[in-house]
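Peer 1: Attaching a predicted model along with its sequence, questions to come.
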2 protein chains.
Amino acid sequence: MTQTISINNSQHLQVSPLEIPSRLLLGPGPANAHPAVLQAMNTAPVGHLDPAFLALMDEIQSLLRYTWQTENELTIAVSGTGTAAMEATIANSVEPGDVVLVGVMGYFGNRLVDMAGRYGGDVRTITKPWGQVFSLDELRSALQTHRPAILALVHAETSTGARQPLEGVGELCREFGCLLLIDTVTSLGGVPLFLDEWGVDLAYSCSQKGLCCPPGASPFTMSSRAREKLQKRQGKVPNWYLDMNLLGKYWGSERVYHHTAPINLYYALRESLRLIGEEGIENCWQRHQQNAEYLWERLEDFGLTLHVEKEYRLPTLTTVRIPEGVDGKAVAKQLLLEHNVEVGGGLGELGGKVWRIGLMGFNSRKENVDRLLEVLEQVLPK
Amino acid sequence: MTQTISINNSQHLQVSPLEIPSRLLLGPGPANAHPAVLQAMNTAPVGHLDPAFLALMDEIQSLLRYTWQTENELTIAVSGTGTAAMEATIANSVEPGDVVLVGVMGYFGNRLVDMAGRYGGDVRTITKPWGQVFSLDELRSALQTHRPAILALVHAETSTGARQPLEGVGELCREFGCLLLIDTVTSLGGVPLFLDEWGVDLAYSCSQKGLCCPPGASPFTMSSRAREKLQKRQGKVPNWYLDMNLLGKYWGSERVYHHTAPINLYYALRESLRLIGEEGIENCWQRHQQNAEYLWERLEDFGLTLHVEKEYRLPTLTTVRIPEGVDGKAVAKQLLLEHNVEVGGGLGELGGKVWRIGLMGFNSRKENVDRLLEVLEQVLPK
């Protein structure tokens, strides 16, 4: 090896082995991973075409279908975080010129608008103040006006803590001949979801909230109606990494190499889905609901006001109004740095107005509510 | 919580905790991760805006720059596997109508062609038989003919084991006013790379080969020349997840939330880069070269023929011709299932013609060569 160029050491940092503080993550996610999931993740990687790995992929598919309550064949984990799975639903469904109607009631609705525009969609929006949800009548009237190819809604708006009811929306979409695309990032595993019963055609989620897993491998599903649209599209999907025509051949029986999967995250995801199966998805939902109700009670007893009307509150994520005269950012910083408890601040319209408190997956436990209130009492001037 | 829909248990698999065989991964990647890297990955996640995590991101940036020998400010890890980082270079540099000249000498050159086309590039190719590389004269003549906006080359063709020399190519690109985009997936950490000295404008890699890390967080870098082109582009980058205008604000001083990073993989990547810094990048390259030469010698002594001319052989990946009359696939299967040793088969033009043997990162050790030859002797009829 001839090497005539000398080494540039200007960026050659001398650092110690990793030291990371141990935090209780009660913000909008990531939540703390289940210890068994971290342990599974730590297994040494095998190849992405190893028979042992292919068997694990099949298990992930089945258990994801169970968790989402769907029988969609193309139910997989995308090799990226939740936003990659979001982009996968858009990239594989939106064709240039398609009218895409997005219900915007928070930050992630706006993200869908931005993304759908990048894929050539003719994007129309309906909006709600952050923290509210759309009624079936409002959706019907918007479908009548815009006649979209796709209706995109956020089931669980991570920026507001509101749950968009989906009962009846699928029927509406069929009546108007459009696909239904749903964000379940903050609902999968923690909030009742019946994709098939509700007629959802495309959905995405993440691993680091209701699923008790670290971030990096993200659930994606697509109905046969959505696949038909994909098969008929003119030209290639304008995103290679997320092209379901190619990914379907890796996850399907052909096993055609597409890209190297994040092997260890799939180990973790498989374990987290196994744990949900062991608990039973309906018990999982119930646990989230019960602990959230306990949180709401404790917060209200403490004198705080919850931002979302009870009926539409997410059990996984609660927005709490920052009291008049309190510096919300300073409180969150103190909670984090002095007590190792993370809560989130507001985004967008709710910036500076709310804290976001998550009880997701492994973190949805009564003891975590008690711990949060204990430190809140220390930090928050009464 | 009212729940009137009954649970569908058809996909409710009953599975045991994860059991994965322990393999020695001597294929084209992933390679085995360094135990210290797996240990770091196992640290409980913190939030993606936690000060402890932001400090870690800075360390990753510096150490990646060192490993690649660049001072590019925008040097980050993309939240996906190597193909996502590949797509990031294309998405952020190719504008519709841009002439993109791709040097195709294997499978991954073809992948660049496919991707660049999806982003609206006017793609032209020059080709070489798989296993060979381009001369500087051939590149000059192609630049003269095509006058591209971007020249894309694969430094280390994972499908053939050939190393494309890059000395002088950057000067050529400046002469013809084009950007130089380089695939370093199978070279970063294992093969001498001097991005700045060589005038490389865009490069990408992966974590699971030369960097001793599991897959899922992938190095990306972009020169100031490439950033200028990005800043001047008409319209948004047609990929939200990989948009460097947005990602630059998360990795830069603004720390604007973009997406949730795969936290634990960043822990792992930081540890793997720290280990490279500890060893010294030049020692790392030398180790790969020495162990590869030992492998080549042992394989030739065993009577096998290497596919690539010695001068252009990658130290990280060696292609070995499958002897006449031997079922290469059956041999690889036997090595894997009976001896827990993975080697790769050929792709594309080399399908059925070669095995691909990797000595990458933590796996580039003499004892692994000895182990491989030991099992090859048992499996391969002489």
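Peer 2: Sure, I can see it.

Peer 1: What are the boundaries of the strands in the stretch 1-150 of chain A?
Peer 2: A:24-25, A:74-78, A:99-104, A:122-127, A:150-154 (DSSP state E, counting those that start in this stretch).

Peer 1: Nearest to chain B, out of those strands?
Peer 2: Of all those, strand A:24-25 sits nearest to chain B, with 6.1 Å by CB to the nearest CB. Every C-beta, even on glycine, is put in place using the N, C-alpha and C of the backbone.

Peer 1: could I get the strands of the stretch 1-150 of chain A as JSON lines with mean pLDDT and distance to chain B?
Peer 2: Below are those laid out as JSON lines (pLDDT from 0 to 100; distance: least, CB to the nearest CB, whole Å):
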{"stretch": "strand A:24-25", "mean pLDDT": "98", "distance to chain B": "6"}
{"stretch": "strand A:74-78", "mean pLDDT": "98", "distance to chain B": "9"}
{"stretch": "strand A:99-104", "mean pLDDT": "98", "distance to chain B": "14"}
{"stretch": "strand A:122-127", "mean pLDDT": "98", "distance to chain B": "13"}
{"stretch": "strand A:150-154", "mean pLDDT": "98", "distance to chain B": "14"}
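
Peer 1: Show me which residues of the stretch 201-350 of chain A sit near chain B.
Peer 2: A:206, A:208, A:214-217, A:236-241, A:257-265, A:267, A:270-271, A:274, A:277, A:280-282, A:285-286, A:289, A:336-337, A:342, A:347 (CB under 8 Å from any CB of the partner chain).

Peer 1: Which of the residues you listed fall in helices?
Peer 2: Using DSSP state H, A:263-265, A:267, A:270-271, A:274, A:277, A:281-282, A:285-286, A:289, A:336-337 are the members of those that sit in helices.

Peer 1: which one of the strands of the stretch 1-150 of chain A lies closest to residue A:356?
Peer 2: Nearest of the strands of the stretch 1-150 of chain A to residue A:356, taken as CB to CB: strand A:24-25 at 11.7 Å.

Peer 1: what does the closest one contact?
Peer 2: Around strand A:24-25, the neighbours that count as contacts under CB atoms under 8 Å, 6 or more residues apart in numbering or on different chains are A:31-32, A:340-342, A:358, A:363, A:368, A:371-372, B:45-47.

Peer 1: That strand pairs with which strands, parallel or anti?
Peer 2: Using DSSP bridges, the strands paired with strand A:24-25 are strand A:341-342 (parallel).

Peer 1: Give me the contacts around the following helix or strand past the strand it pairs with.
Peer 2: Beyond strand A:341-342 on the C-terminal side, the first helix or strand identified by DSSP states H and E is strand A:344-345. Contacts to strand A:344-345, defined as CB under 8 Å, 6+ apart, come from residues A:27-28, A:328-329, A:332, A:351-352, A:354-358.

Peer 1: need the contact list for residue A:279.
Peer 2: residue A:287.

Peer 1: Which strands and helices lie in contact with the strand or helix carrying residue A:319?
Peer 2: Assigned by DSSP H and E, residue A:319 falls within strand A:317-321. Using 3 or more CB pairs under 8 Å, 6 or more residues apart in numbering or on different chains; DSSP states H and E as the contact test, the elements touching strand A:317-321 are helix A:281-301, strand A:354-358.

Peer 1: For that strand, list every residue counted as buried.
Peer 2: Residues A:317-321 are the ones in strand A:317-321 that count as buried (16 or more other CB atoms under 10 Å in any protein chain shown).

Peer 1: List just the nearest of these to chain B.
Peer 2: Among the buried residues of strand A:317-321, and counting by CB to the nearest CB, the member closest to chain B is residue A:317, at 13.9 Å.

Peer 1: Checking the residue most central in space within chain A next. Helix, strand or coil?
Peer 2: The C-alpha lying nearest the average C-alpha coordinate of chain A belongs to residue A:185 (CA atoms, centre = their mean; 1.7 Å). Secondary structure assignment for residue A:185 (DSSP: H, G, I helix; E, B strand; the rest coil): coil.

Peer 1: So which of the ones in helices among the residues of the stretch 201-350 of chain A next to chain B wins on neighbours?
Peer 2: residue A:264 (32 neighbours; other CB atoms under 10 Å in any protein chain shown).

Peer 1: that older thread, from the contacts of strand A:344-345, which would you call buried?
Peer 2: Neighbour counting with 16+ other CB under 10 Å marks A:27-28, A:328, A:332, A:354-358 as buried within the contacts of strand A:344-345.

Peer 1: returning to what we had before: so the residue nearest to the centre of chain A makes contact with residue A:108?
Peer 2: Yes. With contacts counted by CB atoms under 8 Å, residue A:185 reaches residue A:108, the gap being 7.2 Å.

Peer 1: Overlap in contacts, the two.
Peer 2: A:86, A:158.

Peer 1: what residue ranges in chain A score low on pLDDT?
Peer 2: Chain A contains residues with pLDDT under 70 at A:1-3, A:382.
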